[in-house]
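1. take this sequence and fold it.
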Amino acid sequence: MKSSPTPLPDLENREDINRLVHDFYGRVRADDLLGPVFDDIAGVDWDTHIPKIADFWETALFRTGNYKGNPLRPHLLLSLQTTMDREKFQRWLELFFETVDSHFQGENAGHIKRIAADMAEVMQARIASFGG
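-> Model (predicted):
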């Protein structure tokens, strides 16, 4: 008799957020479409970016208040340097969902994917109205 696979845990704390963010941005950097945007065009300082993004997701999911900043601003500025179109946002979401689903399942995992989808939609609309 074949046993069913062990269910994945849900996102529960900062350690889980860190694991998600590190794996996700590893995938982004390896991606042919998004990697050059982050590494070559934006020149992201990953040592600074990763903890800041972890703060963002921890605040978004667990309401910790650790994130201080405006997530739209750097994306608006980046839209002056490169095209920030639907294809890039869709690829970002695809990688994000894949990363979440490879590590986590449950209420918080579903919630963080909904937050990401909503955020991508809002950013895309704001960038389009900005002229990017």
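2. hey, let's count contacts and neighbours off CA atoms from now on
-> Fine.
3. so what's Arg14 up against?
-> For Arg14, the contact set (CA atoms under 8 Å, 6 or more residues apart in numbering) comprises 54, 58.
4. just His111 next, same as before
-> Applying CA under 8 Å, 6+ apart, we find His111 in contact with Leu61.
5. for it, grab phi and psi.
-> Backbone torsions of His111, given as degrees, to the nearest 10, read phi -70, psi -40.
6. gap between it and Leu78?
-> According to CA to CA, to the nearest Å, His111 and Leu78 sit 27 Å apart.
7. now Tyr67: phi and psi?
-> Backbone geometry at Tyr67, expressed as degrees, to the nearest 10, gives phi -80, psi 130.
8. now for it, how many residues are close by?
-> Tyr67 sits with 18 neighbouring residues when counted by other CA atoms under 10 Å.
9. in the helix-or-strand element of the chain with minimal mean pLDDT, what counts as buried?
-> Taking mean pLDDT, DSSP states H and E as the measure, the chain has helix 72-78 as its least confident helix or strand, at a mean of 84. With burial defined by 16 or more other CA atoms under 10 Å, the residues of helix 72-78 counted as buried are 75-76, 78.
10. gap between the residue nearest the centre of the chain and Thr6?
-> The chain has Phe96 as the residue nearest its centroid, 5.6 Å off, counting by CA atoms, centre = their mean. Distance of Phe96 to Thr6, given as CA to CA: 22 Å.
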